[in-house]
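**Student:** model the following, please.
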Amino acid sequence: MDYGLKSRIASILKPNNGRGVMLAVDHGYFLGPTEKLEVPKRTIAPIVRYCDSLMVTRGVVRSSVDPNFPVPIVLRVSGGSSIIGEDLSNEEITTSIKDAIRINATAVTMSIFVGAKYEHKSLVSLGHLVNEAEEYGLPVLAVTAVGKELAKRDARYLSLSCRIAAEFGAHMVKTYYCDDFQKVVNSCPVPIIVAGGPKLPERDALALTYNSIKAGAAGVDMGRNIWQSQYPVAMIRAVRAIVHSNYNLDQAYKLFQQLAKGQPEQQSRGNFNQNRNQNRPQGNRPNQQRPNQSKPNSQRPNQGKPQQGQRPQNRPQGKPQQKGQRPQQRPQQKQQNRPNQKPQNQNKPQNKPQQKPQPKPAQTPKPSPQAATPAPAEQKTQ
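**Tutor:** Below you'll find the predicted structure:
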């Protein structure tokens with residue numbers, strides 16, 4: 001197997017566990033605008049980010065899939081019959097490999113109808129498709145379709161169909177789940193992806209996913225059981241939890257219920273609460289006068305309750321604080337630019353005590369004349 005072929009398969013079935021979640025939106029090629037798929041772009045956009053690959057026709061790829069979002073494309077290249085026709089098995093190849101390459105498809109897919117009226121045509125078309133796709137390194141996914149004959153979905157028939165598809169060279173096979181499904185998996189030498197089928201209740205669809213993975217399937221390819229659900233995002237995320245996170249049925253269904261309840265809150269209430277959280281500090285900050293002063297103001301409210309008595313003391317300071325504390329910085333600049341004024345203010349109180357001791361030396365000469373008077377008295381006694 002060439003590098004290109006291996007890398008393309010690895011983008012569909014993740015190499016860490018060999019599993020993948022494929023989202024099927026190719027129903028319109030034989031069902032037309034089926035329910036919840038009337039506008040494919042609207043259906044695909046919210047859930048495509050949660051799938052590993054997208055099964056789709058070339059018309060929907062070009063019209064409804066965002067090319068800026070890098071999702072691997074499994075391109076359906078077969079068709080030719082509709083739901084109102086005589087036989088759904090009357091299909092042929094409708095899309096060339098060159099067009100698949102232009103679309104940048106990761107893989108191509110077609111249906112085979114084993115046991116149907118046009119069995120021979122579908123199997124020969126599969127062989128031709130594998131021959132041409134191998135030249136360009138494109139993997140081929142064969143779909144074991146059973147048409148309207150749902151009674152054929154047993155282990156014996158599906159084992160036969162999957163094995164024939166692998167024998168014709170299909171690199172992956174998509175089939176239906178059935179009882180004793182492990183027998184189908186063991187008899188097919190290539191990875192098996194389980195189809196979702198018609199719409200089921202969410203828990204039943206999750207049980208289908210869980211039982212398929214437990215029996216050895218490489219993944220699921222679900223369409224109607226996801227985008228026909230009332231909560232498609234919650235559903236595909238629950239399916240993904242089983243495939244990639246080994247959730248059991250109860251855990252996956254509980255996750256679906258949680259996400260289903262949270263979806264409307266995330267779209268409406270979630271954003272509204274975020275705006276509330278943003279508006280609450282903004283509503284308090286104007287009372288605190290600008291966000292830069294929030295920290296000093298947040299400390300002052302600790303003294304704020306007794307501030308009512310301190311307001312006359314803080315009023316001369318309150319005015320410069322309301323101007324962004326600029327007056328507090330200006331006196332600092334004045335102190336730096338006018339150093340002579342500060343020592344003058346500091347020397348004034350120092351000069352006052354220097355003037356007070358000046359009268360003290362004026363009192364010291366007073367005892368000097370008293371000391372002179374006793375000196376002549378001693379001379380008289382001699």
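
**Student:** Ala217: what's it in contact with?
**Tutor:** Taking C-beta atoms under 8 Å, 6 or more residues apart in numbering, we find Ala217 in contact with Tyr177, Phe181, Val185, Ile192, Ile193, Val194. Where C-beta positions appear, they are placed from N, C-alpha and C, glycine not excepted.

**Student:** Ala252 now?
**Tutor:** The neighbourhood of Ala252, defined by C-beta under 8 Å, 6+ apart, consists of Leu206, Thr209, Tyr210, Ala238, Val239, Ala241, Ile242.

**Student:** most neighbours out of those residues, which is it?
**Tutor:** Tallying neighbours with other C-beta atoms under 10 Å puts Val239 at the head of the contacts of Ala252, with 31 neighbours.

**Student:** that one contacts Leu206, correct?
**Tutor:** Yes. With contact taken as C-beta atoms under 8 Å, Val239 and Leu206 are classed as touching, separated by 6.8 Å.

**Student:** Throw the contacts of Ala252 into TSV and include distance to Asn16 and secondary structure, thanks.
**Tutor:** Putting the contacts of Ala252 into TSV (distance: C-beta to C-beta, whole Å; DSSP: H, G, I helix; E, B strand; the rest coil) gives the following:
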residue	distance to Asn16	secondary structure
Leu206	22	helix
Thr209	19	helix
Tyr210	19	helix
Ala238	20	helix
Val239	18	helix
Ala241	15	helix
Ile242	16	helix
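
**Student:** redo those as a markdown table? Include distance to Tyr3 and pLDDT.
**Tutor:** Formatted as a markdown table, the contacts of Ala252 follow (distance: C-beta to C-beta, whole Å; pLDDT from 0 to 100):
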| residue | distance to Tyr3 | pLDDT |
| --- | --- | --- |
| Leu206 | 36 | 98 |
| Thr209 | 31 | 98 |
| Tyr210 | 34 | 98 |
| Ala238 | 35 | 98 |
| Val239 | 30 | 98 |
| Ala241 | 32 | 98 |
| Ile242 | 31 | 98 |
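
**Student:** what is the nearest of these to Arg76?
**Tutor:** Closest approach to Arg76 among the contacts of Ala252 (C-beta to C-beta): Val239, at 20.9 Å.

**Student:** for the closest one, which non-adjacent residue is closest in space?
**Tutor:** For Val239, ignoring the flanking residues on the chain, the nearest one in space by C-beta to C-beta, 6 or more residues apart in numbering is Thr209 at 5.2 Å.

**Student:** I figured the one you found hits Val220, correct?
**Tutor:** Yes. At 5.2 Å, Thr209 counts as touching Val220 under the criterion of C-beta under 8 Å.

**Student:** which neighbours do the two share?
**Tutor:** With the criterion set as C-beta under 8 Å, 6+ apart, the overlap between the contacts of Thr209 and Val220 is Val194, Val239, Val243.

**Student:** so what secondary structure elements neighbour whichever helix or strand Ser161 is part of?
**Tutor:** For Ser161, the host element (DSSP states H and E) is helix 155-167. With contacts defined as 3 or more C-beta pairs under 8 Å, 6 or more residues apart in numbering; DSSP states H and E, helix 155-167 has these neighbours: strand 107-112, strand 140-144, strand 172-175, helix 181-186.

**Student:** try it again with 7 Å
**Tutor:** strand 140-144, strand 172-175, helix 181-186 (3 or more C-beta pairs under 7 Å, 6 or more residues apart in numbering; DSSP states H and E).

**Student:** with mean pLDDT added, can I get those in a markdown table?
**Tutor:** Formatted as a markdown table, those follow (pLDDT from 0 to 100):
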| stretch | mean pLDDT |
| --- | --- |
| strand 140-144 | 97 |
| strand 172-175 | 98 |
| helix 181-186 | 97 |
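
**Student:** reformat those as a markdown table; add distance to Met55 and mean neighbour count.
**Tutor:** Formatted as a markdown table, the entries for these read as follows, by distance: least, C-beta to C-beta, whole Å; neighbours: other C-beta atoms under 10 Å:
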| stretch | distance to Met55 | mean neighbour count |
| --- | --- | --- |
| strand 140-144 | 8 | 27 |
| strand 172-175 | 8 | 27 |
| helix 181-186 | 20 | 18 |
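
**Student:** now distance to Ala215 too, for these, in CSV please.
**Tutor:** Output for those, formatted as CSV (distance: least, C-beta to C-beta, whole Å):
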stretch, distance to Ala215
strand 140-144, 16
strand 172-175, 12
helix 181-186, 4
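
**Student:** relative to Arg156, which of those is closest?
**Tutor:** Once C-beta to C-beta is applied to the helices and strands packed on helix 155-167, the stretch that comes out nearest is helix 181-186, at 8.4 Å.

**Student:** packing partners of that closest one?
**Tutor:** Using 3+ C-beta pairs under 7 Å, 6+ apart: helix 181-186 touches helix 155-167.

**Student:** quick one: mean pLDDT over the helix or strand where Leu123 lies.
**Tutor:** Leu123 belongs to helix 119-135 when assigned by DSSP H and E. Helix 119-135 carries an average pLDDT of 96.

**Student:** report the contact partners of the residue lying closest to Gly216 once chain neighbours are set aside.
**Tutor:** Leaving aside its sequence neighbours, Gly216 sits nearest to Val185 (C-beta to C-beta, 6+ apart; 3.9 Å). Listed by C-beta atoms under 7 Å, 6 or more residues apart in numbering, the contact set of Val185 reads Ile192, Ala215, Gly216, Ala217.

**Student:** repeat for Ala207
**Tutor:** For Ala207, the residues meeting the contact criterion (C-beta under 7 Å, 6+ apart) are Leu249.

**Student:** low-confidence ranges in this structure?
**Tutor:** Counting by pLDDT under 70, the chain contains low-confidence ranges at 147-151, 263-382.

**Student:** same thing but 50
**Tutor:** 264-310, 312-325, 327-382 (pLDDT under 50).

**Student:** and the next helix or strand past the helix or strand containing Ser11?
**Tutor:** When secondary structure is defined using DSSP H and E, the element that contains Ser11 is helix 3-12. Moving toward the C-terminus from helix 3-12, the first helix or strand encountered (DSSP H and E) is strand 20-24.

**Student:** appreciated, that's everything.
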